[in-house]
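> Fold the following and give me the result.
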Amino acid sequence: MAKKYHVCLDIGGTKILGAIFDEEENIVYRLKKKTKSGGDDAANVEQVIISVVDEMLKDFGIEKSQVKAIAAGAPGVINQETGIVLFSPNLPWRDYDIRTPIEKKFGVPFFIGNDVNVGVLGEFKYGAAKGYKNVVGFFVGTGMGGGLILNGELFTGNLFKGAEYGHMVLDPEGPLCNCGQRGCLEAFSSKKGMSAYIREQAARGRKSALADKMENGVFKSKLLKKALAAEDTVTVEAVDRACHYLAVATGNMINTISPDIVVYGGGVIEACGKTFLKKIEAEVDRYCMPSIRPTVDLKIAALGDDSILYGALSMIKDAE
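You can find the predicted model right below:
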């Protein structure tokens, strides 16, 4: 009897990460492919996803009939029950049914959820939060994503719009965020937020190694790591500011949820996690109830780039 596999995807605005899992939940094949979202054509993104899955099956040498299910995490507000992407900030999807064409093409169930929700689910089932019941996840990347596990279940709120605590307002007079508010956690602590601070300081005549190395307004995480290692003053300031507000936000979430664990993931944490965690731990006690803090662990995500892939696998397993 032919072996069966699961195909899992991490869909972004510029790249798709793909993995094939065997029945023992091991990754047996990987693919990372840069994508162009095709301007405003939602169907183009759909075709890219289909072509990536086709390429993976061909390269690994298996038939469509050997795939049990496909699952993905993608940015935006996504109805996990219907597979309709209500809105995606980096992809041309608005009220777009992505499930039907994928299931029609491959003849297997297709699951999709918000990428950070799915990433936190991955850490809960397979990573740093395994064995915990209540999990707060902060994913620090170009933006700032949140994910919540409450009583062992992924919490997505009304109409799958919950856990957007990257947009909790920490200073109403603070910097403008892409969401339209001022002083959001994202405006301080994401790559966008840190990059904006570095650009502002450079405009004042201060030197920074990162000021002229930004693409589309943000630095790459690996360059942040280098600048920190070189003790670039403006970069250190940007990171200290980012970690200060992450500590404030962490304290707020600890007081609100009383979680068992707070997990930090995303590209920035993958590159500089130890530095960020140390700075957050140094401050967080100021912003949460002394009676709650000792019962909460703070950890770096264990799965790195694979958090969303394992979360996608978890969605398949939960449906079986």
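> got the residue ranges for the strands in the stretch 51-200 of the chain?
Assigned by DSSP state E, counting those that start in this stretch, the strands in the stretch 51-200 of the chain fall at 67-74, 77-79, 84-87, 94-97, 110-114, 135-140, 144-150, 153-155.
> Centre of the chain to stretch 21-40, how far?
The chain centre lies 15 Å from the centre of stretch 21-40; the measure is CA atoms, centre = their mean, to the nearest Å.
> picking that back up, quick check: which of the strands of the stretch 51-200 of the chain is buried the most?
Highest mean neighbour count of those: strand 135-140, a mean of 28 (counted as mean count of other CB atoms under 10 Å). C-beta here means a position set from N, CA and C on the backbone, and glycine is covered the same way.
> circling back: relative to residue 312, which of the strands of the stretch 51-200 of the chain is closest?
Residue 312 sits nearest to strand 67-74 of all those, at 3.7 Å, using CB to CB.
> In this protein, where is pLDDT below threshold?
36-43, 90 (pLDDT under 70).
> switch to 80 and redo it
Along the chain, the model assigns pLDDT under 80 to residues 1-2, 13-14, 35-45, 89-93.
> Show me what counts as buried in the helix or strand in which residue 238 is found.
Following DSSP states H and E, one finds residue 238 within helix 233-257. Neighbour-count burial for helix 233-257 flags 234-235, 237-239, 242-254, 257 (criterion: 16 or more other CB atoms under 10 Å).
> same deal with stretch 14-26?
Neighbour counts over stretch 14-26 (16+ other CB under 10 Å) mark 16-21 as buried.
> Please apply the same query to stretch 291-302.
Neighbour counts using 16+ other CB under 10 Å place 293, 296, 298-302 of stretch 291-302 among the buried residues.
> repeat for stretch 102-110
Buried positions in stretch 102-110, judged by neighbour count with 16+ other CB under 10 Å: 102, 105-106, 108-110.
> name the element the residue lying closest to residue 247 once chain neighbours are set aside belongs to?
Counting by CB to CB, 6 or more residues apart in numbering, residue 247 lies nearest to residue 283, which is 3.8 Å off, once chain neighbours are set aside. Per DSSP H and E, residue 283 falls inside helix 267-283.
> likewise residue 263?
With DSSP H and E as criterion, residue 263 is part of strand 261-265.
> residue boundaries of the helices in the chain?
Taking DSSP state H as the test, the helices found in the chain are 42-60, 99-106, 115-126, 185-189, 191-203, 221-229, 233-257, 267-283, 307-319.
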